[in-house]
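Asker: Provided below are the primary sequence and the corresponding predicted coordinates.
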Amino acid sequence: MGNIKAGDDMFFTTTMAEVLEEQGHYEDALMIYKILADTSPWDQSLSQRIDKLKGLAEKGKRRPQKQETMA
């Protein structure tokens, strides 16, 4: 997956976000949680999941590059 948008023809559920998160698709899971949080602002568990995934998504973007040395 990649770049899920609110207008996409799919259902946005907590279960879908959890599956994506388990598969390592942190940015997609984060997007779904944000959409759900917009429609359910009273659900504090969504805010907690968003905070957790922000860090994981950033780590995924900043993968360490291997430095090769010439001998």
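Answerer: Sure thing, it's come through. Only a predicted model underlies this, so the values are computations on that prediction, with no experimental measurement involved.
Asker: now do the buried residues in the helix or strand containing residue 55.
Answerer: According to DSSP states H and E, residue 55 maps onto helix 44-61. Buried residues in helix 44-61, counting neighbours by 16 or more other Cβ atoms under 10 Å, are found at 46, 49, 50, 53, 57. For the C-beta atoms, the positions are set from N, CA and C on the backbone; glycine is no exception.
Asker: all helices of this protein, in order?
Answerer: In the chain, helices defined by DSSP state H lie at 14-22, 26-39, 44-61, listed in chain order.
Asker: which other helices and strands does the lowest-mean-pLDDT helix or strand in the chain contact?
Answerer: The weakest-scoring helix or strand in the chain, judged by mean pLDDT, DSSP states H and E, is helix 44-61 (a mean of 84). Packing contacts for helix 44-61, counted by 3 or more Cβ pairs under 8 Å, 6 or more residues apart in numbering; DSSP states H and E, involve helix 14-22, helix 26-39.
Asker: please work out which of these is packed deepest.
Answerer: Compared across these, helix 26-39 shows the largest average neighbour count, a mean of 20 (mean count of other Cβ atoms under 10 Å).
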